[in-house]
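>>> Please find the sequence and the predicted model below.
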Amino acid sequence: MKPTSDTYSFFTAAYEKDLTIARKLAQQSSRLTALRTIAFILLIFAFAAGYDGHAAGTIAGCVLLAAFCLLVRRHSHIKASQQFNACHIQVVKDFLSRFNGDWKNFADDGAPLQPKDQPQATDLHLFGPASFYQYLSCARTLRGKKRLAAALVTTPPNRTKILARQESVAELIQRKDFCLQLLAKAAQLPDRHDTTELLSEIEAPLSQASHAIVRYRTAWILPLITLLSLFLAVFDLLTWTIPGLLLGLQFLLSMVFHQHNQLTLAPLNHLTHELHFYEALFRDLEQAKFQAAALIGLQQRLQTTQASQSLHQLAKLTDAVALTRNFFFALLGNTLLLWDCHMAARFAHWHDTAAENLREWIDTWSEWEVLLSLATIGQTRSQWTFPELKAGQPSLEAQELTSLLLAEDKAVPNDASFGAGTCILTGSNMSGKTTYMRTLAGAVVLAYAGAPVCAHFFSLTPLHIFTSIQVNDDMSQGISTFYAELLRIKQMVTFSRRELPMLICIDEIFKGTNSADRIIGAREAIKQLTRSYCITLVTTHDFELCDLKSPNAIPVTNCHFEEYYEENKIKFDYKLKPGRCQTTNAQYLLRMAGIISDA
């Protein structure tokens, strides 16, 4: 693990390098623009001289025309390089934003992807502004974004899947240049690029007319004969009647098959440059050398089906079909070459050999987007570790754990060592109780995703996460805050009867009712959630709960956070300490806010 200064300097150096490249490309583009203009003007004068009878002018015009075409081709390559460089700059800037806190301004915060039936996602800030998703996401496609959202779960997934992702992410963390290259190429795709409609259309079976076109691929003989007849007619070796009839026949055939051709080629009408970008991504992935078994497996899924080569063929075909959007080319191409018929035949052949693999290719890239996103933690944090997955009795341990959502230089690390039982967390307002619970449960979510966590050490057994932290009322349903919290805790109690391991985090238990009822209800709820397969954390300001006795020999312990004062100013060290809290600060905060006076 590299220190923050080294990781930050890597991205700042990459940013400076990109700016240098951008300046050079801009200079080259300006130079080529000038050369193209000069070449075009000169070739006009050269052909004009040739028209006046100067043979040298015609020769010079042909040379200048060839030079002009080469300059145009070179200029298009420079523009493509500029586009890639601009995307690379933006990707590097996004990484730098994760150091200075500007990541909270990322447009993609995943809020639309939050599961509606998962209050833990709200409690732990998994989605929305200043969330885990917003920090992590490098996904460009809608499929990748959804896959990343699905990885942020509160239910323990398959252990094998977690370990496979950990191995893959660990390798990517060390390959920052490779990750930046992939992300920059992916950034050329439209944001939230959705392939759902494309997959449905391409996977749909082709019409019988399309297969008839495939059976008559030998129709290329007719355009060949037509071109040959035109050549012979030019040299008076054949009457012009024959090529005229052949051209008329080809035009008639193109009209007869026009509707069928358009139906066959319809899926290609939605494709523009995206295929070229996917092709470039898959080529990089196919040619790279990996060590992680999961990465090799993803690579082989592309290699065995020749993903980049097949997409290259489809991209070229799409470009060829796009030419017919020009009326004059469509008329000339179909009359001379039966263009649409041949394009439909080529696409039908591609469909038969490769269409069934397209969904797998897209799914493979969406998994890559997840892995690249999870790797950002190790690439932007100085202290991180991969969680150890244990078996046996419920266990959750951490050393120097901090929250991913807090700036690393400001976050206060804390330890954790919890087994089955209940811990009552007390402390004054703003001392860090809720943040501690969120940090702990959030790290478990990252562990389930296969990501590193911000700690020196972290280990856990599989635990189902349940929370009651950010509970709100619902006027439309007639549900008060207190009743909403009751429903949350009822859900915990109901699930606990399944005797599955749980991590339960309850903040300010039953804060929505009076103190007498709150204490009675809290005692009963805690007793029911103190089980041999539950790690239960409860924060409270009710010191009466600190004396709660275990109902079943499962330990009930106390920990606390506290404040201190310097120069009549309240301060916090945000460090978890054993035992119950002995102080309060509500009156101080009320005076500080001017609500009560010192008198």
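Thanks, I have it. Everything quoted here is computed from the prediction, not taken from an experiment.

>>> Return the distance of Gly521 relative to Leu237.
Distance of Gly521 to Leu237, given as C-beta to C-beta, to the nearest Å: 103 Å. The C-beta positions use only the backbone N, C-alpha and C, and glycine is treated the same way.

>>> Same drill for those two, tell me which one is more crowded.
Gly521 (17 against 9; other C-beta atoms under 10 Å).

>>> so the more buried one sits right up against Lys511, yeah?
No. Taking C-beta atoms under 8 Å as the definition, Gly521 is not a contact partner of Lys511, at 11.0 Å.

>>> which ones are touching Leu172?
Each residue near Leu172 by C-beta atoms under 8 Å, 6 or more residues apart in numbering is listed here: 178-179, 295, 371-372, 375.

>>> tell me the domain boundaries of the chain?
Structurally, the chain divides into domains by automatic domain parsing as follows: 1-100, 204-372, 382-592.

>>> ok, how many other residues are close to the residue lying closest to Thr195 once chain neighbours are set aside?
Closest residue in space to Thr195, ignoring its immediate chain neighbours: Ile362 at 5.2 Å, by C-beta to C-beta, 6 or more residues apart in numbering. Neighbour count for Ile362, taken as other C-beta under 10 Å: 19.

>>> State the three-state secondary structure for Ile362.
Secondary structure, DSSP: H, G, I helix; E, B strand; the rest coil: Ile362 is helix.

>>> For Trp368, see how far away it is.
For Ile362, the distance to Trp368 - C-beta to C-beta - is 11 Å.

>>> Same question for Ile296.
From Ile296 across to Trp368, the span is 13 Å (C-beta to C-beta).

>>> Same check on Glu400?
Taking C-beta to C-beta, one finds Glu400 at 31 Å from Trp368.

>>> In terms of neighbours, single out the busier of these two.
Trp368 (27 against 16).

>>> got a list of what the more buried one touches?
144, 182, 285, 298.

>>> try it again with 10 Å
138-139, 144, 147, 168, 172, 179, 182-183, 186, 281-282, 285, 295, 298-299, 302 (C-beta atoms under 10 Å, 6 or more residues apart in numbering).

>>> Could you do Val493 as well?
If you count contacts by C-beta under 10 Å, 6+ apart, then Val493 has 466, 504, 524-525, 528-529 around it.

>>> which one of these has the most neighbours?
That'd be Ile504 among the contacts of Val493, by other C-beta under 10 Å, with 28 neighbours.

>>> Give me the phi and psi angles of it.
phi -110, psi 130 (degrees, to the nearest 10).

>>> If you drop the residues flanking it in sequence, what lies closest to it?
Residue nearest to Ile504 in three dimensions, not counting chain neighbours: Thr536, with 4.3 Å by C-beta to C-beta, 6+ apart.

>>> Spit out the residues that contact Gly521 and Lys511 alike.
Each of 482, 485 lies in contact with both Gly521 and Lys511 under the rule C-beta under 10 Å, 6+ apart.

>>> quick one: low-confidence ranges for the stretch 201-350 of the chain?
Scanning the stretch 201-350 of the chain with the threshold set as pLDDT under 70 gives 207-219, 270-272.

>>> go again using 50 as the cut-off
Applying pLDDT under 50 to the stretch 201-350 of the chain picks out residues 209-215.

>>> Helix, strand, or coil at Val538?
strand.

>>> Quick check, Arg531 in contact with Asn552.
Yes. In this structure Arg531 lies within contact range of Asn552 using C-beta atoms under 10 Å: 7.5 Å.

>>> Between the two, which is the more surrounded one?
Between Arg531 and Asn552, Arg531 has the larger neighbour count (other C-beta under 10 Å), namely 22 against 8.

>>> Tell me how many other residues surround the residue nearest to that one when sequence neighbours are not counted.
What sits nearest to Arg531 in space, not counting adjacent residues and going by C-beta to C-beta, 6+ apart, is Ser496, at 5.9 Å. The number of residues packed near Ser496 is 20, by other C-beta under 10 Å.

>>> Thank you, goodbye.
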